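K.L.:
the following comprises the amino acid sequence and a computationally predicted model.
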There are 2 protein chains.
Amino acid sequence: MVGISVMPHAGDMSTAVTRALRVAGVPLVPLGPETDGIVWLGFHDPVGLRDVLEQAPGARWVQLPSAGVDDYARAGVLRGRDVIWTSAKGAYSRPVAEHALALILAMLRHLPERARAGSWGEQKGTSLHGQNVVIVGAGGVTRELLRLLEPFGANSVIVRRRPDPLPGATRTVTQEHLRDELGTADIVVLAAALTPDTRFLIGQREIATMRPDAILVNVARGALVDTKALVDGLADGRIGGAALDVTHPEPLPDGHPLWSQPRALITPHSADTTGMIEPLLRERVVQNALCFVVGDPLEGIVDPELGY
Amino acid sequence: MVGISVMPHAGDMSTAVTRALRVAGVPLVPLGPETDGIVWLGFHDPVGLRDVLEQAPGARWVQLPSAGVDDYARAGVLRGRDVIWTSAKGAYSRPVAEHALALILAMLRHLPERARAGSWGEQKGTSLHGQNVVIVGAGGVTRELLRLLEPFGANSVIVRRRPDPLPGATRTVTQEHLRDELGTADIVVLAAALTPDTRFLIGQREIATMRPDAILVNVARGALVDTKALVDGLADGRIGGAALDVTHPEPLPDGHPLWSQPRALITPHSADTTGMIEPLLRERVVQNALCFVVGDPLEGIVDPELGY
């Protein structure tokens, strides 16, 4: 008989997930020698997870709560264990891609400027119809964003590690061609995992390659962008605007130049709020727990070497 | 031989339209006794059009440049003439519906608040997925907005003059049921023509019926809303927010309470900028002129009695 432990015990998310697992008939056990699988709900807390793993030497599966697991990879928790890791990757694609579209349209329609305005202004704006959108990353968020972009007839170029084409995209290229594509983009969306390969992917040279009216949208991880280079690029008008749901550092500290940059819009990592993800995480956890119990394949398996 | 006159002569739009008509082989004549059809490019200038009509007593067709023709109806220009009126209705639906979606997503994701913020804040926001959207009006903007809402699986209720169902909408009701529907709406979008029947359609009683977290979006005409009632409703928290591309009065004067209302977002009638509509108007004018010349049915015919 296989036993699953939900950790930590406390909190609304833990209560909701535990209840859902119980309703689904998943055998739950207290953390300890009987634990075969761990549902870990400590968001961005690799240290806490390490403690938990020490108390469950028999665990063969760990479900992580977020889509990106870069903090666990960086802390060295993922490697060197005989454990199957699953993340929530793909589970939050809907709200995150929706947020990306909200940011794109807001920037094209100059909504940040209008929100700050105290008087009528000139008519300006750009339609998304027929725009060139470069999306970095080919995971769930990108697939969902392509679905949302479809009614606008946007041209989409996907930049990804492997050259496999993505359904719904106009073209797919590998990461070494990023800079070639940036020059033609009206909109650049970052939706990639943060790994050693993608860290500071958008730096001074990439921003110099972008068109002066192009918009950068980041809904993935702050450290995909060299913030200093972005601040300089915005200040010098070398890039049209930036809408960031994630920043580096995060949270963005008070007094940071991005707060007063008129071409920037910052949302506080709110693409997928707790309220939005709660039902989605619950569904993913229950599905994976049921599969683990009977030995079926799991959803969202993480490659510890790649870090996503 | 039928002759078409483009008025006024001056301006970029006039130059572009005249060139397109010439390329299409439409016979153009100076305004005068030879004029059978008038392409009128004076936006919101019924007085100017009246002068032009006096100089072209033989005109049997007038193409108006905007989608809504309420200012011409109110000025009494449309009635009592043996003239076929066509407007640009339907021609600008794409950019206007896109703007409506931009405003909806911006309000659900609290983007105005974030644009005004100078520090990191709490995660908050609502997804459009599964929301109840009430759309007033059943013209081109509504049809296009339904297409854009489709990937979000939103429930859509159309409120219109006639009870004919609209493809893609969850339900269609007539205008006298407006208040019944308002109470269940997460989002109310105004996309109706301004007529004596729809003037101040959203007043104190309608706002009182709406949910305190509901969002009002107006991309049609400012006078569909009683601005005073809206200002009071926002100040008292009886409505969640308002995103207005059109206002009454318009332009909204400096110092108006809506400018400082944190739940309001105002764009300066920029859903369809001149840059966006230029190719769309050109296409509509050429198509109608070619049809007029050979006696085929015209697009966007206006009922002078209904005023749209």
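P.N.:
The structure has been received and is ready for your questions.

K.L.:
for the residue lying closest to A:R263 once chain neighbours are set aside, the count of nearby residues, please.
P.N.:
Setting aside the residues directly before and after it, A:R263 is nearest to A:G241 in space (C-beta to C-beta, 6 or more residues apart in numbering or on different chains), at 4.1 Å. In this view, the C-beta of every residue, glycine as well, is placed from N, C-alpha and C. A:G241 sits with 23 neighbouring residues when counted by other C-beta atoms under 10 Å in any protein chain shown.

K.L.:
now swap in A:G32 and tell me
P.N.:
Other residues lying near A:G32 total 12 when counted by other C-beta under 10 Å.

K.L.:
list the contacts for it?
P.N.:
A:5, A:55-56 (C-beta atoms under 8 Å, 6 or more residues apart in numbering or on different chains).

K.L.:
between those residues, which is nearest B:Y72?
P.N.:
Using C-beta to C-beta, A:S5 comes nearest to B:Y72 of the contacts of A:G32, at 71.7 Å.

K.L.:
tell me the helices and strands packed up against the helix or strand containing the closest one.
P.N.:
According to DSSP states H and E, A:S5 maps onto strand A:4-7. In terms of contacts (3 or more C-beta pairs under 8 Å, 6 or more residues apart in numbering or on different chains; DSSP states H and E), strand A:4-7 is packed against helix A:12-23, strand A:37-40, helix A:274-294.

K.L.:
same thing but at 7 Å, please
P.N.:
helix A:12-23, strand A:37-40 (3 or more C-beta pairs under 7 Å, 6 or more residues apart in numbering or on different chains; DSSP states H and E).

K.L.:
return the most buried member of those.
P.N.:
strand A:37-40 (a mean of 25; mean count of other C-beta atoms under 10 Å in any protein chain shown).

K.L.:
give the contact list for the residue of the stretch 151-300 of chain A found nearest chain B.
P.N.:
Per C-beta to the nearest C-beta, A:P251 is where the stretch 151-300 of chain A lies closest to chain B, at 3.7 Å. For A:P251, the contacting residues are A:268, B:120, by C-beta atoms under 7 Å, 6 or more residues apart in numbering or on different chains.

K.L.:
now do A:L108
P.N.:
Contacts here follow C-beta under 7 Å, 6+ apart; on that basis A:L108 touches A:125-126, A:128.

K.L.:
in this structure A:W40 contacts A:P65, no?
P.N.:
Yes: here A:W40 reaches A:P65: they are 6.3 Å apart, a contact under C-beta atoms under 7 Å.

K.L.:
now for the two: what residues contact both?
P.N.:
Contact criterion C-beta under 7 Å, 6+ apart; residues shared by A:W40 and A:P65: none found.

K.L.:
neighbours of A:L234, how many?
P.N.:
21.

K.L.:
equivalent analysis for A:H256, please.
P.N.:
Taking other C-beta under 10 Å as the criterion, the count of residues near A:H256 is 19.

K.L.:
got a pLDDT number for it?
P.N.:
As predicted, A:H256 sits at a pLDDT of 98.

K.L.:
run through the residues that contact the most centrally placed residue in chain A.
P.N.:
By C-alpha atoms, centre = their mean, chain A has its centre lying nearest to A:A220, at 3.6 Å. By C-beta under 7 Å, 6+ apart, A:A220 lies in contact with A:137, A:190-192, A:194, A:246.

K.L.:
report the buried members of those residues.
P.N.:
Buried by 16 or more other C-beta atoms under 10 Å in any protein chain shown: A:137, A:190-192, A:194, A:246, out of the contacts of A:A220.

K.L.:
filter those down to the ones in helices?
P.N.:
Per DSSP state H, helices hold no members of those.

K.L.:
just these: which are in strands?
P.N.:
A:L190 (DSSP state E).

K.L.:
need the buried ones among the contacts of A:A220 in JSON lines (columns: pLDDT and distance to chain B).
P.N.:
Output for the buried ones among the contacts of A:A220, formatted as JSON lines (pLDDT from 0 to 100; distance: C-beta to the nearest C-beta, whole Å):
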{"residue": "A:G137", "pLDDT": "98", "distance to chain B": "19"}
{"residue": "A:L190", "pLDDT": "98", "distance to chain B": "18"}
{"residue": "A:A191", "pLDDT": "98", "distance to chain B": "17"}
{"residue": "A:A192", "pLDDT": "97", "distance to chain B": "22"}
{"residue": "A:L194", "pLDDT": "96", "distance to chain B": "19"}
{"residue": "A:V246", "pLDDT": "98", "distance to chain B": "11"}
